[in-house]
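>>> Starting from these lines, generate the structure:
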Amino acid sequence: MRFEGQVRDVDDEVVSRRKRRNMPAPPSEPLTEVRPPVARRSRRGWIVALLVVIAAAGAAFWLHPIQVHQEAGRRGGRFRGGGDLAQPVAVAPVAQADIPIVLEALGTVTPLSTVTVRAQVSGQITQIGFTEGQNVKKGDFLAQIDDRTLNASLHQWQGQLEHDQALLADAKLDLDRDLKLTSNAITQQAVDLQRATVQSDEGTVVSDQAQIEAVQVNIANSHITAPADGRIGLRLIDQGNYVTPGDATGIAVIAEMQPISVLFSLPEDSLAQVLEQTHGNAGLKAALFDRNDSKEIAEGTLQTIDNQIDPTTGTVKLRAVFPNTDGVLYPNQFVNVHLLVRTLTGVSVLPDAAIQHGAPGTFVYQLNDDGTVSVKTVSLGPGNAAVTQLLSGLAPGAKVVVDGVDRLKDGARVTVPDNAAPASETAPATGAAASAKPQAGPANAAGGAPATSATGTPDANSGNGPAVSNNQGGGLAGQGAAAQGDASGQKRHRHHRRDGGANTGSGDNGGDSGQGQ
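Below you'll find the model as predicted:
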């Protein structure tokens, strides 16, 4: 009985639970939204973000000391001119050389003769006797115009001439008979009339001869020949077309190619020195360069100067003549003209890179024996793109700074790299700039200072490292040590390049010498 009572109680409990499950919730109880647990996931995201920030801070801390050190090295290389450290510079001596004074201008190739071949008579073109682009000589056959009508006119006038000549001969016979008769047989009036008839017939004969000559000229003009030597252009009319003397296009154009001229203009301020050299009818030498002004293509002489200055541009036109035997010059070609006015022989010259302008005027930095520099004002004459004539201010053989002048002041200590000394001692042989080849040696292998040119200026492409510019060069003292650094120093250099810094051995890495040691 107890067991049956327990079973009944369990059944009642199950039924009551089922009823509660199916019954709606009372309105007094609020509905609660069941949300997934996100606390653990949110906490995990904060941990990951914190780890990323810590990693970024560690990388910045690892790279920061090198960047700060390199920035300090740059500041030291740029502004240590007033300190105790010597500035690496390139120098060049005041030398004796020849300076060609050259005037440069833009010019256009112009033929000395340009002829448009046109028809002189009307008619149909029956033959073309030239090839486009052919070089022709004066008198060469070019084209033929139908001349049958002209030949018929010629025969007509020749017959008329014979008729009039016969009339003239008969009139002359009558005049002779009248003159032989006595005065009683014929009157003087009849004699005068016969004499006038003879003169009239003579005029008719002369007119007939002129007509024949005119027709002969037209027949000759129907056979068109080259009026001048030169190169013939494209054919402007084809065979079979009817041409007249009034046609504006013509048949072809002939341009004289050998010799050929170049027209160019110079400022009126340069006219005086050109006239000074041409008073004795001395032909000045002119050289032509291509459009890029890099390659010389022809040499000739100045032929003439225009008789007036253009008031709108303030320039005067000049013409130079060139043989053009190789045919490199072409009409309307754009060229650069270099007119050699004169040559200053055996004068003292300064490299243009050494010349500075400031409060003292025109000055240079002279290298003293004690390793310092001093400001020297100079007086200059004419020059070219490489050197300028030195009139006064320096003694021959004095050494002047040609690179690194922007970091110097009067009395600053400097040093000249060993690999730049031989090039600096070389005097410029001519007025034109000639770059010296890089010198082999340990200094160049370690990325030392670049070799200088013949004028003392550094060669931008010499050595293994980039050339030192006016804003760089502070790293010359530390480049040799940087090349001998350990593996860790090289690793830091690689990181520095990845971050946007300069390459190893450049002038900006002057402070890296301590890093590599």
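>>> From the contact counts, what lies against whichever strand or helix holds Ala214?
Secondary structure assignment for Ala214, by DSSP states H and E: helix 188-222. Identification of packing neighbours for helix 188-222 by 3 or more C-beta pairs under 8 Å, 6 or more residues apart in numbering; DSSP states H and E yields strand 141-145, helix 148-180. For glycine as for every other residue, the C-beta is placed from the backbone atoms N, C-alpha and C.
>>> Of all the residues in the last one, which ones are buried?
Using 16 or more other C-beta atoms under 10 Å as the burial criterion, the residues of helix 148-180 that qualify are Leu150, Ser153, Leu154, Trp157, Gln160, Leu161, Asp164, Gln165, Leu168, Ala171, Leu175, Asp178.
>>> what do you get for the shortest one?
Buried positions in strand 141-145, judged by neighbour count with 16+ other C-beta under 10 Å: Leu142, Ala143, Gln144, Ile145.
>>> partner strands of it, parallel or antiparallel?
Sheet pairing of strand 141-145 (DSSP bridges) gives strand 123-128 (antiparallel), strand 223-225 (antiparallel).
>>> now those strands in JSON lines, with distance to Val217, mean neighbour count and mean pLDDT?
Listed next are these as JSON lines, based on distance: least, C-beta to C-beta, whole Å; neighbours: other C-beta atoms under 10 Å; pLDDT from 0 to 100:
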{"stretch": "strand 123-128", "distance to Val217": "14", "mean neighbour count": "16", "mean pLDDT": "94"}
{"stretch": "strand 223-225", "distance to Val217": "11", "mean neighbour count": "18", "mean pLDDT": "94"}
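>>> Among those, which comes closest to Val94?
Evaluated with C-beta to C-beta, these place strand 223-225 nearest to Val94, the distance being 65.6 Å.
>>> who's in contact with that closest one?
Outside of strand 223-225, the residues within contact range by C-beta atoms under 8 Å, 6 or more residues apart in numbering are 117, 119-120, 138-145, 147, 251.
>>> With distance to Val89 added, can I get the strands paired with strand 141-145 in CSV?
CSV is the format used below for these (distance: least, C-beta to C-beta, whole Å):
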stretch, distance to Val89
strand 123-128, 72
strand 223-225, 72
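>>> Could you work out which of these reaches nearest to Asn292?
strand 123-128 (39.9 Å).
>>> what about dumping the CA coordinates of that closest one to PDB?
C-alpha atoms of strand 123-128 as PDB (Å, rounded to 0.1, in the frame of the first residue of the first chain):
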ATOM      1  CA  GLY A 123      49.600  72.400-121.300                       C
ATOM      2  CA  GLN A 124      49.300  68.800-120.300                       C
ATOM      3  CA  ILE A 125      52.200  67.100-118.500                       C
ATOM      4  CA  THR A 126      53.200  64.200-120.600                       C
ATOM      5  CA  GLN A 127      56.300  63.000-118.700                       C
ATOM      6  CA  ILE A 128      57.900  63.300-115.200                       C
END
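>>> C-terminal to the strand or helix carrying Thr110, what's the next element?
Per DSSP H and E, Thr110 falls inside strand 95-111. Using DSSP H and E, the helix or strand that follows strand 95-111 in sequence is strand 114-117.
>>> who does that next one pair up with?
Sheet partners assigned to strand 114-117 using DSSP bridges are listed as strand 252-255 (antiparallel).
>>> Give the buried residues for the partner strand.
Quick answer for strand 252-255 (16+ other C-beta under 10 Å): Ala252, Val253, Ile254, Ala255.
>>> what angle sits between the very next helix or strand once past that strand and strand 95-111?
Next along the chain after strand 252-255, taking DSSP H and E as the criterion, comes strand 260-267. Per axes from the mean of the first three to the mean of the last three C-alpha atoms, to 10 degrees, the angle that strand 260-267 makes with strand 95-111 is 120 degrees.
>>> what's in contact with strand 260-267?
103, 105-112, 274, 286, 288, 300, 303, 310, 313-322, 324, 329, 331, 335, 337, 339.
>>> residues of it that come out buried?
Applying 16+ other C-beta under 10 Å to strand 260-267 flags Ile260, Ser261, Val262, Phe264, Ser265, Leu266 as buried.
>>> which regions of the stretch 201-350 of the chain sit below the pLDDT cut-off?
Per-residue confidence for the stretch 201-350 of the chain (pLDDT under 70) gives these ranges: 280-282.
>>> quick one, helices of it?
For the stretch 201-350 of the chain, applying DSSP state H, counting those that start in this stretch gives helices covering 271-278.
>>> How about stretch 295-307, which residues are buried there?
Applying 16+ other C-beta under 10 Å to stretch 295-307 flags Ile297, Ala298, Gly300, Leu302, Gln303 as buried.
>>> Could you dump those residues into CSV and include distance to Pro245?
Below are the buried residues of stretch 295-307 laid out as CSV (distance: C-beta to C-beta, whole Å):
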residue, distance to Pro245
Ile297, 41
Ala298, 39
Gly300, 38
Leu302, 40
Gln303, 34
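>>> Taking the contacts of strand 223-225 together, which two end up most distant?
Maximum distance among these (C-beta to C-beta): 21.8 Å, for Lys138 and Asp147.
>>> end-to-end on stretch 227-243?
The first and last residues of stretch 227-243 sit 18 Å apart, counting by C-alpha to C-alpha, to the nearest Å.
>>> buried stuff in it?
Buried residues in stretch 227-243 (16+ other C-beta under 10 Å): Ala228, Asp229, Gly230, Arg231, Ile232, Gly233, Ile237, Val243.
>>> Which member of those is positioned nearest Val198?
Nearest to Val198 among those, with distances taken as C-beta to C-beta, is Val243, at 44.3 Å.
>>> hang on, isn't the closest one packed against Thr126?
No: the criterion here is C-beta atoms under 8 Å, and Val243 misses it with Thr126 at 11.0 Å.
>>> okay, and the common contacts of the two?
By C-beta under 8 Å, 6+ apart, Val243 and Thr126 have these common neighbours: Ile145.
>>> give the contact list for Asn368.
Per C-beta under 8 Å, 6+ apart, neighbours of Asn368: Ser374.
>>> can you check Pro259 too?
With contact taken as C-beta under 8 Å, 6+ apart, Pro259 is in contact with Leu112, Gly300, Val321, Phe322, Pro323, Asn324.
>>> Out of those residues, which end up buried?
Listed as buried from the contacts of Pro259 are Leu112, Gly300, Val321, Phe322, Asn324; burial here means 16+ other C-beta under 10 Å.
>>> could I get these as JSON lines with distance to Pro382?
Listed next are these as JSON lines, based on distance: C-beta to C-beta, whole Å:
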{"residue": "Leu112", "distance to Pro382": "33"}
{"residue": "Gly300", "distance to Pro382": "23"}
{"residue": "Val321", "distance to Pro382": "26"}
{"residue": "Phe322", "distance to Pro382": "26"}
{"residue": "Asn324", "distance to Pro382": "31"}
